[in-house]
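J.: prediction below, plus the sequence it came from.
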Amino acid sequence: MSGLDDRGRISERLRALHRDGAGAGAARTLLEVRGLGKSFGGLRAVNDFSFEVAEGSITALIGPNGAGKTTAFNMVTGVVEPTDGSILLDGAELRGLRPDRICALGVARTFQNIRLFEDQSALENVKVGLHRRLTSGLLGALLRTRAFRDEEREAAAAAARYLDFVGLLSRGSEPAGGLAYGERRRLEIARALASAPRLLLLDEPAAGMNPQETVELMALIHRIRAAGVTVLLIEHDMKLVMEISDTIFVLDHGEEIARGAPEAIRRDERVIHAYLGVPD
Amino acid sequence: MSAPASPPAPLAPAPGPAARRPAWLLPALGWGGALLALLLVGGVGSPFLVSIALSIMLHAIFALGLNVVVGYTGLLDLGYASFIAIGAFVVSLGLVLTHQPPRDLPALPVRQLVLTQAQRELAPRAGVPLVVRERPDLRYDVVAGAEAVLDALARDVRALDAEHVRGLTFPVGQATARGSLPFAFPGGLFVLLALAGAAGAAAGVLRGFPTLRLTGDYYAIVTLGFAEIVWLVTLNEDWLTGGAFGIKLSERFRPRMFGDALYDDTWQFYGVVLAALAAAVVASWRLERSRVGRAWAAIRADETAARSSGIDVDRYKLLAFAVSGAIGAVGGGLFALKVGTIVATKFDIWLSIVVVCCLVLGGMGTLRGAVAGAALLIGLGEVLRLLSDTTSLGSWALPAEARFLVYGLVLVVVMRFRPQGLLAGRGGGGLDAGGLDALLAAPSRLFTLAGAPPAGPADAPAASAGPTDAPEAGAPSATGLEGGP
């Protein structure tokens, strides 16, 4: 499992980076999106959208409903094929790859409308997230080889740890469909983390959460970043966005209208207009 | 179920029945009881009961095979009979085509046989009276005198058994002169069944490739079409499949096992079918609880989420088609030996529908559902067949078609009141809180977030006893990653 060790080293390096207080300027770009565009028939959902995500950062994508944020997410994760543009993860082109290949390259995501495997237990859901990092196949399972059993044991242990990380360990044997709303959001994050991503995409993680849950979510996102995972999120909860983001990109009608640090975005005229409407 | 004498439950919060009864007890009783019943029927049951049990077991194998695609992966397959047909034809063709007519006939104690008219017409052509040997099982081996007849008949599969009557008399051509049979060696049948399984898997992949993008009704319609193609090919390619006459597995084509020709009333055959069913159950159980089974369940639940979780959906769908096709074809090979005459018409849409009904009745996605559904539906069918027997019941007998009416009625009622199937519901499998905590103690090199600060008290209640309490990022991350061999 040399991939694991690599990943370990990477997160080790990242943690060192944070420790040394190296600013965002020193961090290199993990995700670079250039001229991304998507047309659904005549509708231009995303147009010439470029953005980049610095390694080790928390980056937010905001904008009014229908601005094209989720479409952009779907293109980065391969769920939707872009009409034009390029998506580079650490220099490697993601465009045209299948979602499972993109996941294997280190990009995991959650969904706006939570997509869990409802009748599976929480633990099993996380084990599915571990899928690409496990190796056993049909024969190993049929013969119950030693390698298979060892791997299964390790997978269960790892899944339990991911559950513990998001604070759901005690709910591990519940079917995912039976969890409370906030728990379901966190379970989806645990499942995504289990694929050991370098970049985690969260699509409206705070949607439907109460203030208390939102605070916990912010702490969780900070801990994810501290563990060496870069975070890109879509969110409507401005308190959360302003508090945790290093960089914010604002989309409206499929086009970027602003980018920058939270303070700058908060004061940006076009952003305010986009959200509140332009006075005549 | 009477629970074993249990200590009085303490005033623990919500003790529940599960606290007193181990989770494995009920399944163990169920499977053990089923096995015992099958062994009992095989040991002391009447031929009628044995025949029903065989039919139930074969349908249970089919239902388990279908369950891989329908239950685990969540795609409706309405053409499963095609895999059963492929297996049946592979096995019977394997037996018939490799059969060599006998050359040297051993000298044995003989006696004359009373011949039927038809047999008398054939016999003189051989020049000498037929010399036969009576066997303990009341069948006869032709020992001498009919070589010419046998040779002539050996070239035509169908003509051989035109008047096949098992028991005291037999048509000349059916005489059981033993030729050499490549698959007659003890393991020969298993070689053939393995070939059938491979053919079924190949057919599953072949059918699966063009349908990978399809789900729901569209997929079901393609499976229907595929079954129709297989059905039409087997019906019309006389040179290979015998067309509407089919292939008859007469005694000389039967594989031998422990000295006997493998007929459906032998204990050997019963044992082989029971073993095949057990193998199908164990294989399904193991697959269900593996990385492969999890991938299938994820695809069933949400294909998009499965893809985004790193599962190569196409690959795992093809794998499911292959496994499902293989199980169906192996079952089909055994089915061929049971029915004796393999004709395309036996593998029409009705067989597909009956297998789907077994699965739906018992509960999709569960092993016990597949087996119990087969037992219920096939058992019910036999009861109804008895009730429509005019010779014993006279005018009280139900019309023969009533069987299908009742089938339909039962399914409608089950679907109305218990749409998930009679025995549905995920069996146990859950860990209690203690078991979950224990998981944290095991080493897990797969956990990658070891360096993160511990969770706040809000979202991790007292779970920081493990190695997760790496204090500051500066600590040399003693967790997880170094835990390797």
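T.: Structure's in. What do you need? Bear in mind the structure is a predicted one, so any value in this text is a computation, not a measurement. Residues are numbered from 1 along each chain as shown, chains lettered A, B, ... in the order given.

J.: could you use CA atoms for every contact and neighbour count after this?
T.: Fine.

J.: quick one: contacts for B:Leu262?
T.: By CA atoms under 8 Å, 6 or more residues apart in numbering or on different chains, the residues touching B:Leu262 are B:Arg254, B:Pro255, B:Arg256, B:Gln268, B:Phe269, B:Leu337.

J.: give me every residue in the stretch 151-280 of chain A lying close to chain B.
T.: Proximity of the stretch 151-280 of chain A to chain B, by CA under 8 Å from any CA of the partner chain, involves residues A:152, A:154-162, A:164-174, A:191-192, A:194-196, A:216, A:219-220, A:223-224, A:226-228.

J.: show me these that map onto strands.
T.: Of those, none are assigned to strands by DSSP state E.

J.: coming back round to it: can you select the buried ones among the contacts of B:Leu262 for me in ChimeraX?
T.: Selecting only the buried entries of the contacts of B:Leu262 in ChimeraX, with 16 or more other CA atoms under 10 Å in any protein chain shown as the criterion:
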select /B:254,255,256,268,269,337
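
J.: mark which of the contacts of B:Leu262 are part of strands, please.
T.: Per DSSP E, those map to strands at B:Arg256.

J.: and which of the contacts of B:Leu262 is nearest to chain A?
T.: B:Phe269 (24.5 Å; CA to the nearest CA).

J.: isn't that closest one right next to B:Ala261, touching?
T.: No: in this structure, B:Phe269 is not within contact of B:Ala261 by CA atoms under 8 Å, at 9.3 Å.

J.: which residues does the closest residue to chain A within the stretch 51-200 of chain B contact?
T.: Nearest to chain A in the stretch 51-200 of chain B, going by CA to the nearest CA, is B:Tyr72, at a distance of 12.0 Å. Applying CA under 8 Å, 6+ apart, we find B:Tyr72 in contact with B:Glu288, B:Gly293, B:Trp296, B:Ala297, B:Arg300, B:Gly365.

J.: same thing with B:Ala203?
T.: B:Ala203 neighbours (CA under 8 Å, 6+ apart): B:Phe83, B:Ala322, B:Gly325.

J.: B:Gly200 is in contact with the first one, correct?
T.: Yes: counting by CA under 8 Å, B:Phe83 does reach B:Gly200; the two are 5.6 Å apart.

J.: which one's more surrounded, the two?
T.: B:Phe83 (35 against 30; other CA atoms under 10 Å in any protein chain shown).

J.: OK, contacts around that one?
T.: B:Phe83 sits in contact with B:Gly200, B:Ala203, B:Gly204, B:Gly325, B:Ala326, B:Gly328, B:Ala329, B:Gly332, where contact means CA under 8 Å, 6+ apart.

J.: what does B:Leu58 give?
T.: Contacts of B:Leu58 by CA under 8 Å, 6+ apart are B:Val273, B:Leu277, B:Gly331, B:Leu334, B:Phe335.

J.: tell me which helix or strand comes right after the helix or strand harbouring it.
T.: Assessed by DSSP states H and E, B:Leu58 sits inside helix B:47-67. The helix or strand immediately downstream of helix B:47-67 is helix B:81-97, counting by DSSP H and E.

J.: ok, whichever residue of the stretch 251-400 of chain B sits closest to chain A - contacts?
T.: Proximity to chain A, evaluated over the stretch 251-400 of chain B using CA to the nearest CA, is greatest for B:Gly310 at 3.9 Å. Residues in contact with B:Gly310 (CA under 8 Å, 6+ apart) are A:Pro99, A:Asp100, A:Arg101, A:Ile102, A:Cys103, A:Ala104, A:Gly129, A:His131, A:Arg132, A:Ser195.

J.: now it: closest residue in space, sequence neighbours ignored.
T.: A:Asp100 (3.9 Å; CA to CA, 6 or more residues apart in numbering or on different chains).

J.: that neighbour in helix, strand or coil?
T.: helix (DSSP: H, G, I helix; E, B strand; the rest coil).

J.: quick check: it touching B:Arg307?
T.: Yes: if you go by CA under 8 Å, A:Asp100 and B:Arg307 touch, sitting 5.0 Å apart.

J.: just the closest of the contacts of B:Tyr72 to B:Leu380, please.
T.: Nearest to B:Leu380 among those is B:Gly365, at 22.1 Å by CA to CA.

J.: isn't that closest one right up against B:Leu66?
T.: No: look at B:Gly365 against B:Leu66 with CA under 8 Å: they stay out of range, at 9.7 Å.

J.: quick one: the strands in chain B?
T.: Using DSSP E, strands in chain B cover B:131-134, B:140-144, B:247-248, B:256-257, B:260-261, B:341-342.

J.: mind listing what the fourth one pairs with, with the direction of each?
T.: What that stands for is strand B:256-257. Applying DSSP bridges, strand B:256-257 is found paired with strand B:260-261 (antiparallel).

J.: give me the contact list for the partner strand.
T.: Taking CA under 8 Å, 6+ apart as the rule, strand B:260-261 contacts B:Glu251, B:Arg254, B:Pro255.

J.: mind putting these into CSV with distance to chain A and pLDDT?
T.: CSV is the format used below for these (distance: CA to the nearest CA, whole Å; pLDDT from 0 to 100):
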residue, distance to chain A, pLDDT
B:Glu251, 35, 76
B:Arg254, 30, 82
B:Pro255, 28, 82
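
J.: tell me, which helix in chain A spans the most residues?
T.: Scanning chain A for the longest helix, with DSSP state H as the assignment, gives helix A:146-165.

J.: what mean pLDDT does that one get?
T.: Helix A:146-165 carries an average pLDDT of 95.

J.: now A:Glu256, nearest residue through space, not along the chain?
T.: Nearest non-adjacent residue to A:Glu256, counting by CA to CA, 6+ apart: A:Val250, 5.7 Å away.

J.: brilliant, that's me finished.
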